[in-house]
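> Sequence and predicted structure below; questions after.
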Amino acid sequence: MKNLHEDIMTQILERFPVKFLLRCMLVQQSWYHLIRTPEFVSAHYNYHKLYHSNHLLFEPNYKNQYPLVLQCEKHDIPLHYPQSVSRRLSFYCVSNGLICFATGGVGYNTRLWLWNPAIRKFKTLPVPQRPKIQGFTEVASLAFGFCPKHNDIKVVKMVMYLRVTPNAPNNLYTVADVYSLSTNSWKTTNNNPILVDWLSSTAGLFLKGTAFFCGINVDKNDIIVSYDIDKDTMRMISFPENARATRGFSLEVFGKSVALFMKKSGCCAFNVWFLKEGGTDEVYWEKQFSFNLPVNEDRLILGICSNGEVILGNSSGFNGLVPYHVVSYNVEKNEVKDFGWLQPQSHSFVNSFTESLFMISTKNEDAMSMIE
């Protein structure tokens, strides 16, 4: 092993699971420093995201003593919060092997945490020190993920505030607070706040340095609100003009694109649109494909696996009283795979999950303490 070329050694190590790599860090110093580099962390995650993506992270029913469960090949692995977290947490975002969560809803001064259960690293985020906004303020939602251009983990919190205008209707505007893991600090955008009627409180999407949230504009039409971190710009994106959603929609990251799954008539029928970029910094929707699964029970989309398989659960499972029966649909092969039964509680979530080494190079780490 000692005489292997460094590139070959890197390719070998990046195929190992996280738990094994933590032990490798104790074998020799060169491996310790290699595994901690941002380049290796990203390469390792991308490999396992592509080839080991059949894991589901979900919140079990209220009788379960574990707050979160990771299902791998139909085997449930309970995840334990750090001992410093005593209260039950109820808001989650998942990205790059990290979990961002809060107690209760995401409020103006709500405390947020980042957690990597694979390496047992846990970080409390500071509260944003932003200028006081006059009038009523609330936080609609947040999204987070890896920003390749900055080689950094970012958290985007959407803040809505009521702007009081004399002799005019009061308007609800949005701004964005952005957290950077590398600097452990927040910044607030002051660039072109947009006027909306409502933003969803569910977790947003994050792709290529841009966060996406579902909302409604002042004309009561469904929209997508996006915030580009690099350009510090926010925009409203209308739905496809000729799209028809008789029974709802779902916004997901599908491969390298933001995808809009529009429900059609039928138990499990969808039209799928991809968000595209034009040559003049404009965006537009392009219909990619449709599918109709041969199932008897109505199903809704829970998320997208890292390999592009669509995760669907029976709609009756959303009431928290009966289990989800979860299946995945492979678009390319037109195949349905049974994931089995999950027991989530009401308003819980199901998400695809790939273990990672992100946050391993933060200060005061101890490789031995990460090994169970």
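Done, it's in.

> Could you tell me how far stretch 201-216 lies from the centre of the chain?
Relative to the chain's own centre, stretch 201-216 is displaced by 9 Å; criterion: C-alpha atoms, centre = their mean, to the nearest Å.

> Any buried residues in it, and which?
201, 203-215 (16 or more other C-beta atoms under 10 Å). No exception for glycine: its C-beta is placed from N, CA and C like everyone else's.

> Then stretch 181-189?
Those would be 181, 186, 187, 189, for stretch 181-189 by 16+ other C-beta under 10 Å.

> would you list these in JSON lines and tack on distance to residue 261 and secondary structure?
Converted to JSON lines, those look like this (distance: C-beta to C-beta, whole Å; DSSP: H, G, I helix; E, B strand; the rest coil):
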{"residue": "181", "distance to residue 261": "30", "secondary structure": "coil"}
{"residue": "186", "distance to residue 261": "32", "secondary structure": "strand"}
{"residue": "187", "distance to residue 261": "33", "secondary structure": "strand"}
{"residue": "189", "distance to residue 261": "29", "secondary structure": "coil"}
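
> Spatially nearest residue to residue 106, not counting backbone neighbours?
Among residues not flanking residue 106 along the chain, residue 139 sits closest, at 4.9 Å (C-beta to C-beta, 6 or more residues apart in numbering).

> about what we covered before: ok, which pair from the buried residues of stretch 201-216 is furthest apart?
Maximum pairwise distance among the buried residues of stretch 201-216 (C-beta to C-beta): 23.9 Å, between 201 and 208.

> before we move on, back to that, now, which of the buried residues of stretch 201-216 sits nearest residue 233?
residue 210 (9.5 Å).

> Report the contact partners of the closest one.
Contacts of residue 210 were listed using C-beta atoms under 8 Å, 6 or more residues apart in numbering, and they are 226, 227, 228, 229.

> Can you point out the helix or strand that includes the residue positioned nearest the centre of the chain?
Per C-alpha atoms, centre = their mean, the C-alpha nearest to the average position across the chain is that of residue 94, at 4.0 Å. The secondary structure element spanning residue 94 is strand 91-95 (assigned by DSSP states H and E).

> again, but for residue 145
Assessed by DSSP H and E, residue 145 sits inside strand 137-147.

> That strand pairs with which strands, parallel or anti?
Strand 137-147 has the following sheet partners, assigned by DSSP bridges: strand 152-163 (antiparallel).

> now the strand it pairs with and strand 91-95, what's the angle there?
Regarding strand 152-163 and strand 91-95, their directions subtend 140 degrees when assessed with axes from the mean of the first three to the mean of the last three C-alpha atoms, to 10 degrees.

> Quickly list what the nearest residue to residue 92 once chain neighbours are set aside is bridged to.
The spatially closest residue to residue 92, leaving aside those adjacent along the chain, is residue 101, at 4.9 Å (C-beta to C-beta, 6+ apart). When bridges are called by DSSP bridges, residue 101 pairs up with residue 92, residue 113.

> Just give the number of residues close to residue 101.
When counting by other C-beta atoms under 10 Å, one arrives at 21 neighbours for residue 101.

> So which of the buried residues of stretch 201-216 belong to helices?
For the buried residues of stretch 201-216, not one is inside helices, with DSSP state H as the criterion.

> any chance of these in JSON lines, plus pLDDT?
Below are those laid out as JSON lines (pLDDT from 0 to 100):
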{"residue": "201", "pLDDT": "82"}
{"residue": "203", "pLDDT": "87"}
{"residue": "204", "pLDDT": "91"}
{"residue": "205", "pLDDT": "94"}
{"residue": "206", "pLDDT": "95"}
{"residue": "207", "pLDDT": "94"}
{"residue": "208", "pLDDT": "90"}
{"residue": "209", "pLDDT": "92"}
{"residue": "210", "pLDDT": "95"}
{"residue": "211", "pLDDT": "95"}
{"residue": "212", "pLDDT": "96"}
{"residue": "213", "pLDDT": "94"}
{"residue": "214", "pLDDT": "92"}
{"residue": "215", "pLDDT": "90"}
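
> May I ask which of the contacts of residue 210 has the most neighbours?
Counting neighbours by other C-beta under 10 Å, residue 227 leads the contacts of residue 210 with 26 neighbours.
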